[in-house]
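Engineer: structure for the following, please:
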Amino acid sequence: MVRPGNGQVAAAAQGLAGPQGLAGRGVHTAPGGTACEAWWAEGKGTPMTAVSREIEELAGWSAWVPLAAAAEVPRLPGVYLARRGPGGPLVYVGMAGERGGSGLCGRLRRYTSGKALASGLGEAVFDRALADPAWLRERLAEVEGGSPMRATGWGKAALAWADIHVCWAVTESGEAAAALEKQVLASKTEEWWNRAR
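Structural biologist: Residues are numbered from 1 along each chain as shown. From the prediction side, this is the model:
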């Protein structure tokens, strides 16, 4: 797992440095700074706000970006955090292993496509959208107006309703991602949407 320390990303201890450093793994750092600081400096997201210090210190998290704009997510294993709105509370933590070479990018892309209504973050968001009478009335109006959406459309509408923003941390393997996810979920400072496993 990647951990910040003294303004540096401590990758070498975790076997992530290699000859290209973290930049070769899709994680960019500012000179003398953390991956998070580099993302903020490049204007690619917002700082780690509304996150407990306990969670923040577990890994070198990227800056926050809207889920729909998460195209630059690395194709590597890791863990992602989700929150409602640009400064809202944390609501979900998930992980991605190697996923056939698509890692975090593939996992988050599955959500933005609307095709993950029955798993992970997609299911958690959809369950909450279905519990919102105003959101359901909008969907019913579409059906009654002769313009019903397909299931993927409902999934995308639910994600738009939730205004999900994400940040992530790259790990050395799927096993390390699972371990980091478990550590984050153990935090008693958040009210997670994750289902109990």
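Engineer: okay, which residue is most central for this protein?
Structural biologist: Central residue of the chain (C-alpha atoms, centre = their mean): Tyr80, 3.3 Å from the mean position.
Engineer: which SSE is that one in?
Structural biologist: Using DSSP states H and E, Tyr80 falls within strand 78-84.
Engineer: neighbouring contacts of that strand?
Structural biologist: Identification of contacts with strand 78-84 by C-beta atoms under 8 Å, 6 or more residues apart in numbering yields 50-51, 55, 59, 61, 64, 67, 73, 89-96, 103-104, 107-108, 121, 162-171, 177, 180-181, 184. No exception for glycine: its C-beta is placed from N, CA and C like everyone else's.
Engineer: buried ones only from these, please, as a ChimeraX command.
Structural biologist: To isolate the buried subset of those in ChimeraX, counting by 16 or more other C-beta atoms under 10 Å, use the following:
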select :50,51,55,59,61,64,67,73,90,91,92,93,94,95,96,103,104,107,108,121,162,164,165,166,167,168,169,170,171,177,180,181,184
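Engineer: report the helix or strand with the lowest average pLDDT across this protein.
Structural biologist: Here the helix or strand of the chain ranked lowest by mean pLDDT, DSSP states H and E is strand 8-9, holding a mean of 28.
Engineer: re earlier: keep only those of the contacts of strand 78-84 that are in strands.
Structural biologist: Using DSSP state E, the subset of the contacts of strand 78-84 located in strands is 90-96, 164-170.
Engineer: for the residues you listed, work out which two are farthest apart.
Structural biologist: Maximum pairwise distance among these (C-beta to C-beta): 21.6 Å, between Val91 and Val170.
Engineer: gap between Ala151 and Cys167?
Structural biologist: Separation of Ala151 from Cys167 (C-beta to C-beta, to the nearest Å): 28 Å.
Engineer: hang on, I meant Val93
Structural biologist: Separation of Val93 from Cys167 (C-beta to C-beta) stands at 11 Å.
Engineer: correct me if wrong, but Gly155 is in a helix.
Structural biologist: Yes - the assignment for Gly155 by DSSP: H, G, I helix; E, B strand; the rest coil puts it in a helix.
Engineer: so it sits against Ala118, correct?
Structural biologist: No - if you go by C-beta atoms under 8 Å, Gly155 and Ala118 don't touch, sitting 9.5 Å apart.
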